[in-house]
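> Sequence plus the predicted model coming up.
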Amino acid sequence: MTPDYSSLLPDGQINKLVQEWMQDDHPSFDVGGLVVGDAVKTAKLLMKSTGVFAGKPFFEAIFKQLDCQIEWQQLAVEGDYIEASGSNKICLAMVTGPVNNLLRGERTALNTLSRCSGVATASQVARKAAGDWKGWVAGTRKTTPGFRVVEKYGLLVGGAATHRLDLSQMVMLKDNHIWSAGSITSAVQLARKAAGFSQKIEVECQSLDEALEASKAGADIVMLDNFEPNQLKNDAKLLKEQFPHVLVEASGGITSDTMPLYLSEHVDIVSQGKLTQGYSCLDYSLKIVP
């Protein structure tokens, strides 16, 4: 059963995001809202494609700001895989409020649900592709600007790890950092002075030699980037023999289809940018009850 991750979300930030989304979609006159008026109506939230339901807290926050109430159906459980289609629409909720507000929130709420559910579905597929492997399937920081919290939340609901949430959460030293600092060792040593004991340092490496240098310099995690599967597993094993405490992340063009080729007992993390950059959206609609 998927934990209820909604309590992780910062109310202040979510409310601010919703205000920005609504202002973006409703910057001036709403002629359609004038046409329908403000009589109280009820609308059905319908799921129309198969996948993992996710995004409930954002849907709620949008309609809360519009003075609408939501009655969720029993099967509307985040993290559940629901079979639905255009000919088999599943009612997940009833939303009641002024009809002009229902329609003002409709598209923003559905966009958020469809994208969060898309990330969660891709994440669940990836996690299942890993089978009994004991490591972490993770997303990356390749998220949509202004929409990061939704996509990171979708990763969690789908069973994947978020990876670092932002630049401040963990130190990631990539090729540009290394080139600018002069060497892996110099970059790691300076980063450690600033990060202290409370932040992990990860270094992107293009070879076993770079991974060994990063580990000797004090990196907590090494990313073996764009390695062929057999080379990655062999180099991860050699690295772990010398630095068993260092975590090994496999990354670079890995998909759920190819991911099993990279899994081994010496690989701790496999990250996929595609989980938040190339996912398919699920289809939802909101229909006023006559």
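Right, received. Where do you want to start? Numbers count the residues shown, from 1 in each chain.
> Quick check: pLDDT value at the closest residue to F243 other than its chain neighbours.
Nearest residue to F243, sequence neighbours excluded (C-beta to C-beta, 6 or more residues apart in numbering): S215, at 4.2 Å. Placement of C-beta: from N, CA and C, glycine included. Confidence at S215, expressed as pLDDT, is 98.
> quick one: the spatially closest residue to D25 that is not a sequence neighbour from E213, how far?
Leaving out its chain neighbours, the residue that sits closest to D25 by C-beta to C-beta, 6+ apart is T108, at 5.4 Å. Using C-beta to C-beta, to the nearest Å, T108 is found at 48 Å from E213.
> Ok, F59 next?
According to C-beta to C-beta, F59 stands 48 Å off from E213.
> Between the two, which is the more surrounded one?
When neighbours are counted by other C-beta atoms under 10 Å, F59 and E213 differ, and F59 comes out ahead with 25 against 19.
> what helix or strand does that one sit in?
helix 56-65 (DSSP states H and E).
> could you point out which element follows that helix?
As assigned by DSSP H and E, the chain's next helix or strand after helix 56-65 is strand 69-72.
> what lines up beside the next helix or strand after that next one in the sheet?
Using DSSP H and E, the helix or strand that follows strand 69-72 in sequence is strand 81-82. Strand pairing for strand 81-82, determined by DSSP bridges: strand 51-52 (antiparallel).
> if we look at the strand it pairs with, which residues are touching it?
79-82, 117-118, 120-121, 123-124, 157-158, 282 (C-beta atoms under 8 Å, 6 or more residues apart in numbering).
> what distance separates that strand from the centre of its chain?
Distance, stretch centre to chain centre, for strand 51-52: 14 Å (C-alpha atoms, centre = their mean, to the nearest Å).
> Pretty sure T96 sits in a helix.
No - counting by DSSP: H, G, I helix; E, B strand; the rest coil, T96 is not found in a helix; it is strand.
> got the contact list for it?
With contact set as C-beta under 8 Å, 6+ apart, T96 has these partners: 40-43, 68-71.
> Need the pLDDT of Q199.
Per-residue pLDDT puts Q199 at 96.
> Wait, it touches M170, no?
Yes - the criterion here is C-beta atoms under 8 Å, and Q199 meets it with M170 at 6.0 Å.
> Give me the buried subset of the contacts of T96.
Among these, those classed as buried by 16 or more other C-beta atoms under 10 Å are 41-43, 68, 70.
> Turn those residues into a markdown table, including pLDDT and distance to N101.
Shown next, in a markdown table, are the buried ones among the contacts of T96 (pLDDT from 0 to 100; distance: C-beta to C-beta, whole Å):
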| residue | pLDDT | distance to N101 |
| --- | --- | --- |
| K41 | 98 | 10 |
| T42 | 98 | 12 |
| A43 | 98 | 11 |
| C68 | 98 | 6 |
| I70 | 98 | 13 |
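> which of the residues you listed lies closest to D25?
Nearest to D25, judged by C-beta to C-beta, of those is C68 at 15.6 Å.
> residues contacting that closest one?
By C-beta under 8 Å, 6+ apart, the residues touching C68 are 95-98, 101-102, 105.
> Next, the contact list for P57, please.
6, 9, 14, 153.
> Cool, thanks, signing off.
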